[in-house]
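Student: Dropping a prediction and its sequence here:
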Amino acid sequence: MNILVAGGCGFIGSNLSIFLKNKNYKVISIDKLSKKYCYLNEKRLKENQIKNYRIDLKNENELVKIKFKPDIIIDCAAEPAVEVSSRSPNSVIQNNFITTLNLLNLSRKYKSKIIFLSSSRVYPIHKSYEFFKRKKKLFSEKTSTKGPKTIYGFSKLASEELIKEFSYAYNVNFIINRLGLTSGPWQFGKVEQGLVSLWLWKHLNKKKLSYIGFNGTGSQIRDVLDIDDLCSIIYLQIKKIDKIFDETFCIGGGKMSSFNLKNLTIMCQKITSNKIKIKKIKKTSIYDIPYFIFSYHKVYKYYKYRNTNDLNKTLTKTYNWMNLNKKILKKYF
Ligand SMILES: NC(=O)c1ccc[n+]([C@@H]2O[C@H](COP(=O)([O-])OP(=O)(O)OC[C@H]3O[C@@H](n4cnc5c(N)ncnc54)[C@H](O)[C@@H]3O)[C@@H](O)[C@H]2O)c1
């Protein structure tokens, strides 16, 4: 089976490409290398006999030149930083939406199925505040997406809707995976990549951190999905794609891997044996949210898969990788 990974030199795309290559699929990547760390990932792909085509997916003329007929296209290509999307709405909407449009046209041409990596950010900000008050609520496929959500979240929801239009009009089969915070080795601890690797990297290097927003007490709650669990679920989705398609799934760490920032600090202190100064900043961005935990119900119902990594395992694996590669990683900041 031929698999095209769009955004194969990003955090998720690179891990997934190598995972699928090891399952004996024929894998290629398309990635324009938008960040420094993408170059390191491109090298990793090459070491695993995966070719990356340095193409901007917005450019359809370039894309159609590639002589590869994919059975499945996995769309991991996006600008995922919420704050970038608020500074540059035009470029983020164009990038994320047009990329999906061009990949859909390719799916139509080759009759490929498409797996789209969407985001927990498709849900409105006010829901997070509402669920924060009633701590037991979990976000699911049934939770409403109506309301302001960030420009990034809007671009992902717009792509989801476009995929459904292509499915209706041109029989393009799809799976949409809404991911929460995802983490693990090969995530570099950059601020836009999420709290878990950022917290670890700063502890490891004894740098300063801040509890931002929600009174500066570190009380915001998240769940984290381990990259290995994500790869295993997508592998199952590929194996069952002739039977299970045209569905949207929420994939997160769930309650088992949920934490608040204060807990995360304690766990990072234990793992790294370092204690660092954490400033308290009361105010935060209009896009910040106090709470997010995904329900795992639907993905378990369809695939009978349960995550095998909790937060402690994800942190330990990521710490071991960061510690071993500390010198190299610093070059990619
Ligand atoms: N990492 C997370 O916690 C998380 C959470 C929710 C959703 N997601 C989604 O998962 C996907 C992958 O995220 P990630 O964390 O690996 O991000 P990443 O930024 O590490 O990877 C994205 C990759 O896409 C490439 N890319 C972007 N636009 C492109 C274009 N026009 N042409 C060619 N290449 C392009 C970038 O160069 C980069 O290598 C994204 O769609 C993101 O929205 C990620």
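Tutor: All right, it came through fine.
Student: where does this structure come near the ligand, residue by residue?
Tutor: 7, 9-13, 30-34, 38, 56-58, 76-80, 95, 99, 117, 119, 179, 181-182, 194 (Cβ under 6 Å from any ligand atom). Glycine gets a C-beta too; all of them are placed from N, C-alpha and C.
Student: ok, of these, which come out buried?
Tutor: 7, 9-13, 30-32, 38, 56-58, 76-80, 95, 99, 117, 119, 179, 181-182, 194 (16 or more other Cβ atoms under 10 Å).
Student: that older thread, just the residues of the chain next to the ligand: which are in helices?
Tutor: 11-13, 38, 99 (DSSP state H).
Student: Which of those residues sits closest to residue 231?
Tutor: Nearest to residue 231 out of these is residue 12 (Cβ to Cβ; 8.6 Å).
Student: show me what contacts the closest one?
Tutor: By Cβ atoms under 8 Å, 6 or more residues apart in numbering, the contact list for residue 12 reads 76, 117, 179, 182, 227, 230.
Student: cool, and residue 290?
Tutor: Taking Cβ under 8 Å, 6+ apart, we find residue 290 in contact with 128-129, 132, 213-214, 219-221.
Student: Model confidence for it, exactly?
Tutor: Looking at residue 290, its pLDDT reads 96.
Student: what's the burial count for the residue nearest to it when sequence neighbours are not counted?
Tutor: Spatially, and ignoring its direct neighbours in sequence, residue 290 is nearest to residue 132 (4.3 Å; Cβ to Cβ, 6 or more residues apart in numbering). The local packing of residue 132 (other Cβ atoms under 10 Å) involves 17 other residues.
Student: still on that earlier bit, as TSV, the contacts of residue 12 with distance to residue 237 and pLDDT would be great.
Tutor: Shown next, in TSV, are these (distance: Cβ to Cβ, whole Å; pLDDT from 0 to 100):
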residue	distance to residue 237	pLDDT
76	14	98
117	12	98
179	13	98
182	16	97
227	15	98
230	11	98
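Student: Give me the phi and psi angles of residue 112.
Tutor: phi -90, psi 150 (degrees, to the nearest 10).
Student: pretty sure it is touching residue 72, no?
Tutor: Yes - Residue 112 is within contact range of residue 72, at 6.0 Å (criterion: Cβ atoms under 8 Å).
Student: which residues are in contact with both of these two?
Tutor: With Cβ under 8 Å, 6+ apart, residue 112 and residue 72 have common neighbours residue 4.
Student: So between the two, which is more surrounded?
Tutor: When residue 112 and residue 72 are compared for neighbours, residue 72 comes out ahead with 23 against 20, by other Cβ under 10 Å.
Student: hey, which helix or strand in this protein has the poorest pLDDT?
Tutor: Ranked by mean pLDDT, DSSP states H and E, the helix or strand of the chain with the weakest confidence is helix 82-87, at a mean of 85.
Student: how near is residue 318 to residue 292?
Tutor: 20 Å (Cβ to Cβ, to the nearest Å).
Student: Sticking with residue 137, tell me its helix or strand.
Tutor: Following DSSP states H and E, there is no helix or strand that holds residue 137.
Student: That one - how many residues pack around it?
Tutor: 16.
Student: Which parts of the stretch 101-250 of the chain are helices?
Tutor: Ranges of helices in the stretch 101-250 of the chain, per DSSP state H, counting those that start in this stretch, are 125-133, 151-170, 195-204, 227-239.
Student: tell me which residues of stretch 311-321 are tucked away?
Tutor: Within stretch 311-321, the residues that count as buried by 16+ other Cβ under 10 Å are 311, 313-315, 317-319, 321.
Student: any chance of those residues in TSV, with secondary structure and pLDDT too?
Tutor: Converted to TSV, those look like this (DSSP: H, G, I helix; E, B strand; the rest coil; pLDDT from 0 to 100):
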residue	secondary structure	pLDDT
311	helix	96
313	helix	97
314	helix	97
315	helix	97
317	helix	97
318	helix	97
319	helix	97
321	helix	96
